[in-house]
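Q: need coordinates for the following:
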Amino acid sequence: MPEVWVELAELTGIDALRRTTRDEPDYDALMQYRLGVLAEHGIGMSNLVPVLTEIRPLDGARAFLDALRADYQVLLLSDTFEEFANEMMPHLGLPTIFCHRLVTQGDEITGYALRCDDHKRRTVEALQGLNYHVAAAGDSFNDLSMLNQANAGALFHAPSAIVDANPQLASFGDFAGLRSWIDLQN
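A: Model (predicted):
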């Protein structure tokens with residue numbers, strides 16, 4: 001999926017929502033900022049749900065996931081929220097996704113609840129503990145611990161600053177290259 005917060009910025013006209021984990025590696029600082037922006041603009045879940053349903057996957061993403069699921073177990077690890085994923089994942093064929101939860105009071109978003117700290121890396125560790133070979137791909141600062149923990153890690157559509165700072169990771173800009181790399185890892 002495209003970066004949900006950037007899409008929300010586009011669809012709501014609130015440019016302050018453009019800041020992402022590509023810009024701010026401190027997830028809590030980023031989320032507190034985002035929650036403040038939503039509160040400042042009086043945006044609640046009822047405002048977000050119709051916007052979230054309009055967000056479409058990257059071109060080719062559904063076909064990529066469908067083909068990948070035919071050959072491998074696929075698990076999406078995301079720093080999005082169940083409430084957002086519920087609206088977006090039908091466009092990807094309802095893949096398994098592990099993510100966080102929003103805290104709400106009525107329509108107001110008052111906070112968020114992480115599954116656990118560094119949940120992506122810890123999930124990879126748990127899978128490895130079950131003797132799974134894990135090939136992982138990501139695009140942001142918050143993916144690096146997962147990518148470095150995985151048996152094989154790659155960047156996908158990552159900003160050049162992240163690619164340049166992590167030469168130990170393969171880097172791809174298209175689904176065909178990523179798929180070929182995944183096939184070589186297994």
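Q: doesn't T123 make contact with L77?
A: Yes: counting by Cβ atoms under 8 Å, L77 touches T123, with 5.5 Å between them. C-betas here are computed from N, CA, C, even on glycine.
Q: any idea how far Q128 is from L184?
A: Computed with Cβ to Cβ, to the nearest Å, the distance linking Q128 and L184 is 19 Å.
Q: give me the common contacts of L77 and T123.
A: In terms of Cβ atoms under 8 Å, 6 or more residues apart in numbering, L77 and T123 are both contacted by the residues F98, M146.
Q: helices or strands up against the lengthiest strand in the chain?
A: Ranked by residue count, the top strand of the chain under DSSP state E comes out as strand 97-105. In terms of contacts (3 or more Cβ pairs under 8 Å, 6 or more residues apart in numbering; DSSP states H and E), strand 97-105 is packed against strand 76-81, helix 82-88, strand 108-113, helix 119-129.
Q: I'd like the mean pLDDT over the first one, please.
A: Strand 76-81 shows a mean pLDDT of 94 in the predicted model.
Q: elements contacting it?
A: So strand 76-81, by 3+ Cβ pairs under 8 Å, 6+ apart, packs with strand 97-105, helix 119-129.
Q: please identify the most buried of those.
A: helix 119-129 (a mean of 17; mean count of other Cβ atoms under 10 Å).
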